[in-house]
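Peer 1: have a look; sequence and predicted model below, questions after that.
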Amino acid sequence: MFLKGLAIGFSIAAPVGPIGLLCIRRSLSDGMVAGLATGMGAATADAVYGCIAGFGLTAISNLLVRQSFWFGLFGGGFLCYLGFRNLTNKPAIEAAEASEKGLISAYTSTFVLTLANPLTILSFAAVFAGFGLGTTTGADFWAAGMLVGGVFSGSALWWLLLSGGVGVVRAKVGAPVMRWINWFSGILIIGFGLYAIVRLFFS
């Protein structure tokens, strides 16, 4: 079950979306540790939703899904804010030393942003149901716990690989390139945010 969860967590995290862009951008500007902290926030949120789905917490699941409009509105607005910050930030020539406050901010922002998409829980519920887990009666809590642990580990592994890979090439990226990366990532993240908001009114 742990290995299955590992594969699920890795495959869910791997597609590069707004969180991936944030991880890449922070790895380039603030160093590998800041990028990893960004990814770990997303991995923790995935584990939270995995727990809700895996342990059959249907009351919480239903509440989150019912409030998905407001969560989505918040998440889209937060993405626009982060994208605007990317557009206005001046590129650093050298990676900044990772401070405790900066790492906590990087972790917390992506944790909250990932939680702002409660429909993710439906994906986890489908996966867990496929393994015969997540029902309120007769649930195998040990198997569910191993699967959730695997999901977290697989997601964390992807963010480690991504932030580490970007960190390796960071020394070769100069200020002019960083300026373009800031603009490009900022515009894309704002685009993700606007798309998330517009979709709420037409879904």
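Peer 2: That came in fine, so what should we check first? Here the structure is a predicted model, which means the values were calculated and not measured.

Peer 1: may I see the buried residues of the strand or helix carrying residue 198?
Peer 2: Using DSSP states H and E, residue 198 sits in helix 175-202. When neighbours are counted by 16 or more other C-beta atoms under 10 Å, the buried residues of helix 175-202 are found to be 178, 181-182, 185-186, 188-190, 192-193, 196-197, 200. Heads up, the C-betas are built off the backbone N, CA and C, glycines and all.

Peer 1: same for it, what does it pack against?
Peer 2: Helices and strands touching helix 175-202, by 3 or more C-beta pairs under 8 Å, 6 or more residues apart in numbering; DSSP states H and E, are helix 18-30, helix 68-88.

Peer 1: pLDDT-wise, what's the bottom of the buried residues of helix 175-202?
Peer 2: The lowest pLDDT within the buried residues of helix 175-202 belongs to residue 178, which sits at 69.

Peer 1: list the contacts of stretch 40-47.
Peer 2: The list of residues contacting stretch 40-47 from outside it, by C-beta atoms under 8 Å, 6 or more residues apart in numbering, reads 9, 12-13, 19, 106-115, 120, 124, 148-149, 151-152, 155-156, 159.

Peer 1: mind giving me the PyMOL command for buried ones among these?
Peer 2: Selection of buried members from the contacts of stretch 40-47 for PyMOL, criterion 16+ other C-beta under 10 Å:
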select buried, resi 9+12+13+19+106+107+109+110+111+113+114+115+120+124+148+149+151+152+155+156+159
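
Peer 1: what is the least confident helix or strand in the protein?
Peer 2: Scoring the helices and strands of the chain by mean pLDDT, DSSP states H and E places helix 58-66 at the bottom, with a mean of 64.

Peer 1: per-residue pLDDT of the spatially most central residue of the chain, please?
Peer 2: The chain has residue 42 as the residue nearest its centroid, 3.1 Å off, counting by C-alpha atoms, centre = their mean. The score at residue 42 is 89. That number is its pLDDT.

Peer 1: from the chain's centre, how far out does the helix or strand it falls within sit?
Peer 2: Remark: residue 42 resides in helix 32-54, with elements defined by DSSP H and E. When distances are taken as C-alpha atoms, centre = their mean, to the nearest Å, helix 32-54 is centred 6 Å away from the chain's centroid.

Peer 1: go on, stretch 193-203?
Peer 2: Offset of stretch 193-203 from its chain centre (C-alpha atoms, centre = their mean): 19 Å.

Peer 1: of the helices and strands packed on helix 175-202, flag the one that's most buried.
Peer 2: Relative to the other members of the helices and strands packed on helix 175-202, helix 18-30 carries the highest mean neighbour count by mean count of other C-beta atoms under 10 Å, namely a mean of 24.
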